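**Student:** with the input below, show me the fold.
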Amino acid sequence: MTFVEIFNPAVNTEGHLNDEDISSNGTTVYRLREGIERFTITDINNPAASARAQSEIVVMFDTVSAIVSQFSHVPAGANTLYMDGHVEFLRYPSEFPASVAWAKTSSDALSLFQ
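**Tutor:** Down below sits the predicted model:
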């Protein structure tokens, strides 16, 4: 399943994103909101697990691409904001969003707009 196939139902007829969770072909993408981390933990009664989950959910990040001219920090890595508010600089290649797989996906998506 491609990125466009998953997110196509999220766009309404005016071209705006819907403000709700997206479900398509058995895949659910949850809207980022307070408490969303509870879907990533197994013991909902453990507050430490919820705090740890917030520190692992990526909210925003710099552009990472397989094409050097599209890279925000050529080609060192990406500043990454997490749900708990902390920011880390992730060196390329490492984990998402500074991974090789995401860089290839990102460059493919960015090429659609050029």
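**Student:** now Leu110: which helix or strand?
**Tutor:** helix 100-111 (DSSP states H and E).
**Student:** how far does that helix sit from the chain's center?
**Tutor:** Centroid separation for helix 100-111 versus its chain: 13 Å, with CA atoms, centre = their mean, to the nearest Å.
**Student:** can you start the count at 434 instead of 1 from here on
**Tutor:** Understood, numbering begins at 434; the last thing we discussed is helix 533-544.
**Student:** now do the buried residues in it.
**Tutor:** Buried residues in helix 533-544, counted by 16 or more other CB atoms under 10 Å: Trp535, Ala536, Thr538, Ser539, Ser540. For the C-beta atoms, the positions are set from N, CA and C on the backbone; glycine is no exception.
**Student:** tell me which helix or strand in this structure has the weakest average pLDDT.
**Tutor:** Least confident element among the helices and strands of the chain, by mean pLDDT, DSSP states H and E: helix 436-440 (a mean of 59).
**Student:** sheet partners, orientation included, of the helix or strand following that one?
**Tutor:** Sequence-wise, the next helix or strand downstream of helix 436-440 (DSSP H and E) is strand 455-457. Using DSSP bridges, the strands paired with strand 455-457 are strand 460-462 (antiparallel).
**Student:** helix or strand next in line after the partner strand, which one?
**Tutor:** For strand 460-462, the succeeding helix or strand toward the C-terminus, using DSSP H and E, is helix 480-487.
**Student:** and the residue nearest the centre of the chain, bridged to which residues?
**Tutor:** Nearest residue to the geometric centre of the chain (CA atoms, centre = their mean): Val491, 5.9 Å. Using DSSP bridges, the beta-bridge partners of Val491 come out as Tyr515.
**Student:** surely it touches Asn512?
**Tutor:** No - if you go by CB atoms under 8 Å, Val491 and Asn512 don't touch, sitting 11.1 Å apart.
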